[in-house]
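[1] quick one, fold the following:
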Amino acid sequence: MYGYLLRRLLLVPVTVLGLTLLIFSITRFLPGGPLDRHLAQEAAQASKMPMPSLSEDQLLGLKRYYGMDEPLLKAYGLWLLALVKGDLGTSLRYQEPVWQLMRDRLPVSLLFGLASLFSSYGLCIVLGLICAYKPGHILVRGLQGLLLLFNAIPSSIMAMLLFFLVATKGYFPLGGLTSENFSDLNAWEKFQDLLAHATLPLVAYCAHHLAILTFILRDGLQDELAGEAVRMARAKGASTGEALVFHALPLAIIPIISQIGHQISLVLAGSFLIERIFNLNGFGLLSFEALHERDYPLVIGLLTVAGLLHILGNLLSDLCLGWAEPRIRLYGERR
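    Predicted coordinates:
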């Protein structure tokens, strides 16, 4: 296990180098960049009011301002050196450091990302056990029908439905993360206010993925209940509930553990539509604005962080699988 972990950690810098070089190259050569947009604006103004075209010195100055005056590898090396020093550059739109913009949006993304991650996995275990224990009960059938509905509705559509059917009726706040008088409230009132604002976005984030995880776990539990390990436990006197929790669950949980890495990579990604509907300033809205405005320093910074999270998430998934099922031998271990 330790040897496998060390090898994977040594591959992280190489993977990050390849990822960042690819992102840097694509954003550099895509049409419609900041220099192209500036020249287009100059051309539009010149069509309305005749004015001399930009000289070579002016074009060189623009390229230097936007960091387009250096060869690709040299520019990438300078950017990478700045990244090692903790500098991701300055946003072209906001004229603020990229790290500062990401740090300002981080609390919102962490709140909903981690809350949806733990809520989805915690609830799916409970619901999966219930669905597998009494599959024919009328309440369980109703629960499965509700989960099928969650599975069929995308997160963005769920957010719109919750907003128009619940929030507009006055049951929950229409948007934002806190109320205007949040600073004047005591600790308990602040918690209640934050919970009221976060409930509907959290449901929109969790509902679809919760349904998928629950069905995966339910099917796995039902397969394990008919397996040899559970039959042996039942033969030794274990009840159905004990066999389900202590024998079937450790085996059936493996498929959903393998998805932890993918979910961790989405913790900071957020959702533009959900954040837009509920007026939340998270990474989803920031990413959309960066792409729309061709803010390449900000785009590169967001993609770099997302890629690093995806790499570390996959590593965590492999380690969790090895811990949950010792019979799974990790690559490179001796048999």
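[2] which parts of the helix or strand hosting residue 309 are buried?
    Following DSSP states H and E, one finds residue 309 within helix 296-324. Buried residues in helix 296-324, defined by neighbour count with 16 or more other Cβ atoms under 10 Å: 296-315, 317-322. Backbone N, C-alpha and C define where each C-beta goes, glycine included.
[3] which helices and strands sit right next to it?
    Identification of packing neighbours for helix 296-324 by 3 or more Cβ pairs under 8 Å, 6 or more residues apart in numbering; DSSP states H and E yields helix 2-29, helix 98-133, helix 254-257, helix 260-265, helix 283-292.
[4] isn't residue 108 up against residue 177?
    Yes: applying Cβ atoms under 8 Å, one finds residue 108 in contact with residue 177, separated by 6.3 Å.
[5] shared neighbours of these two, anything?
    Both residue 108 and residue 177 are contacted by residue 280, under the criterion Cβ atoms under 8 Å, 6 or more residues apart in numbering.
[6] quick one: the helices and strands packed on helix 296-324 as a markdown table, columns for mean neighbour count too.
    What follows is the helices and strands packed on helix 296-324, written out as a markdown table (neighbours: other Cβ atoms under 10 Å):
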| stretch | mean neighbour count |
| --- | --- |
| helix 2-29 | 13 |
| helix 98-133 | 18 |
| helix 254-257 | 16 |
| helix 260-265 | 18 |
| helix 283-292 | 20 |
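[7] which one of the ones you listed has the lowest average pLDDT?
    Sorting those by mean pLDDT places helix 260-265 lowest, at a mean of 71.
[8] next structured bit after that one?
    helix 272-277.
[9] show me what contacts the closest residue in space to residue 199 that isn't next to it in sequence?
    Of all residues not flanking residue 199 in the chain, residue 172 sits nearest, at 6.0 Å (Cβ to Cβ, 6 or more residues apart in numbering). If you count contacts by Cβ under 8 Å, 6+ apart, residue 172 has them with 166, 196, 197, 199, 200.
[10] try 7 Å this time
    Contacts for residue 172 (Cβ atoms under 7 Å, 6 or more residues apart in numbering) come out as 166, 196, 199, 200.
[11] neighbour-wise, which one of these leads?
    Compared across the contacts of residue 172, residue 200 has the highest neighbour count, 24 neighbours, by other Cβ atoms under 10 Å.
[12] element containing that one?
    Assigned by DSSP H and E, residue 200 belongs to helix 187-225.
[13] phi, psi for residue 176 please.
    With angles defined as degrees, to the nearest 10, residue 176 sits at phi 80, psi 170.
[14] likewise for residue 90?
    The phi/psi pair for residue 90 (degrees, to the nearest 10) reads phi -120, psi 130.
[15] that one reaches residue 297, doesn't it?
    Yes: the criterion here is Cβ atoms under 7 Å, and residue 90 meets it with residue 297 at 6.3 Å.
[16] anything in contact with each of the two?
    With Cβ under 7 Å, 6+ apart as the test, residue 90 and residue 297 both reach residue 98.
[17] sorry, back to before: and the helix holding residue 200, what does it pack against?
    Identification of packing neighbours for helix 187-225 by 3 or more Cβ pairs under 7 Å, 6 or more residues apart in numbering; DSSP states H and E yields helix 98-133, helix 138-152, helix 155-165, helix 249-252, helix 254-257, helix 272-277.
[18] so which of those is nearest residue 73?
    helix 98-133 (21.5 Å; Cβ to Cβ).
[19] now the closest one against helix 138-152, angle please.
    150 degrees (axes from the mean of the first three to the mean of the last three Cα atoms, to 10 degrees).
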